[in-house]
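>>> I would like to see how this sequence folds:
(one chain, ligands or ions: 1)
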Amino acid sequence: MVPQLVFRDLTLGYERHPAIHHLDGMVERGALMAVVGPNGAGKSTLFKGIVGILSPLSGRVDRCGLDRRDIAYLPQVAEIDRTFPISVYDLVAMGLWRQTGLFAGIGTRERDRVHHALAAVGLTGFEKRPIGNLSGGQLQRVLFARLLLQDARLIVLDEPFNAIDTKTADDLFGLVRRWHGEGRTILAALHDIEMVRTSFPEVLLLAREAVARGTPADVLTPGNLQKARRMCEAFDDDAGECRVAAE
Ligand SMILES: Nc1ncnc2c1ncn2[C@@H]1O[C@H](COP(=O)(O)OP(=O)(O)OP(=O)(O)O)[C@@H](O)[C@H]1O
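Sure, this is the predicted structure:
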């Protein structure tokens, strides 16, 4: 088993208030892991810690030699500023920064790759559209096209299938399967428990700390899901750092 991520007594939070407490564990290289939990369980916070947007309050995330540029991150759609004046083509082309650098020009080969990525998500012809004119599902397709170009070893997807129709979710999950087949490590925060049961080999149930981890059949039991709900409801958002450790 080769680790891709190791959490060592990881505590993450905001303004010294922990949102994720004392997480230990490991994600294997090539894993396809769903992260589930009630609203406010800390899924997005964990992902921000993994990709390095949020520094730990204590403990650490070991990325096992991955460079930041080897990590692709799809934030929740709600976090994307759709008023930003950028076209579909330019947003997708941003996925090439890792290879081309920020200020290098884009040549014919790169242009072809952008067009191929857009074709792969079914958006040929949308190149000039401002992102503000897209539907939610179309924007999610654009963001997946950008991920395609990033060619990352670790792909972190925060609620990638929320508020999109079944066809779009199926199409985009096809890309996730493809990445998994290529040996990339994939983490996805999801609320669709049925999708996790049918499509993910591994799941982490979070409620500010790890409640359970393993196969969907072992983790997604009524007892564990109820426990996670109770733990989230009982959590004190104003708690100081290391409250748990001090108890
Ligand atoms: N920028 C922030 N500043 C302060 N607190 C935050 C911030 N972002 C999240 N939190 C808090 O951290 C806790 C965990 O939130 P997080 O967004 O990680 O949960 P989540 O599991 O992703 O929830 P959801 O399923 O609703 O997206 C919540 O109590 C939330 O209010």
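>>> use CA for all of it now, contacts and neighbours both
Will do.
>>> SS state for V114?
Three-state assignment for V114 (DSSP: H, G, I helix; E, B strand; the rest coil): helix.
>>> surely it meets Y89?
Yes: between V114 and Y89 there is a contact at 7.2 Å, judged by C-alpha atoms under 8 Å.
>>> could you list every helix and strand in contact with the strand or helix carrying V196?
Element membership for V196 (DSSP states H and E) is helix 193-199. Counting contacts by 3 or more C-alpha pairs under 8 Å, 6 or more residues apart in numbering; DSSP states H and E, helix 193-199 is packed against helix 216-219.
>>> please see if the helix or strand that comes right after the helix it packs on touches the ligand.
Scanning forward in sequence from helix 216-219 by DSSP H and E, the next helix or strand is helix 222-234. No: applying C-alpha under 6 Å from any ligand atom, one finds helix 222-234 separated from the ligand by no less than 8.7 Å.
>>> report the mean per-residue pLDDT for helix 222-234.
Mean pLDDT, computed over helix 222-234, is 93.
>>> what's in contact with it?
G37, P38, G40, A41, L205, L206, A207, R208, V211, A212 (C-alpha atoms under 8 Å, 6 or more residues apart in numbering).
>>> ok, and the most crowded of these?
Within these, neighbour counts (other C-alpha atoms under 10 Å) peak at A207, which reaches 28 neighbours.
>>> for that residue, give me its contacts.
Applying C-alpha under 8 Å, 6+ apart, one finds that A207 lies in contact with G37, P38, G40, A41, G42, A228, R229, M231, C232.
>>> 6 Å instead?
By C-alpha atoms under 6 Å, 6 or more residues apart in numbering, the contact list for A207 reads G37, A41, A228, C232.
>>> can I get the residues you listed in a markdown table including distance to G49?
Putting these into a markdown table (distance: C-alpha to C-alpha, whole Å) gives the following:
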| residue | distance to G49 |
| --- | --- |
| G37 | 17 |
| A41 | 14 |
| A228 | 21 |
| C232 | 19 |
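>>> helix, strand or coil for R60?
strand.
>>> okay, and the beta partners of it?
Taking DSSP bridges as the rule, R60 bridges to R8.
>>> who does the most centrally placed residue in the chain form a beta bridge with?
Nearest residue to the geometric centre of the chain (C-alpha atoms, centre = their mean): L157, 2.2 Å. Beta bridges link L157 to L74, A188, judged by DSSP bridges.
>>> quick one on the thing from earlier: next SSE after the helix holding V196?
Using DSSP H and E, the next helix or strand after helix 193-199 towards the C-terminus is strand 202-206.
>>> now that following strand against helix 222-234, angle please.
40 degrees (axes from the mean of the first three to the mean of the last three C-alpha atoms, to 10 degrees).
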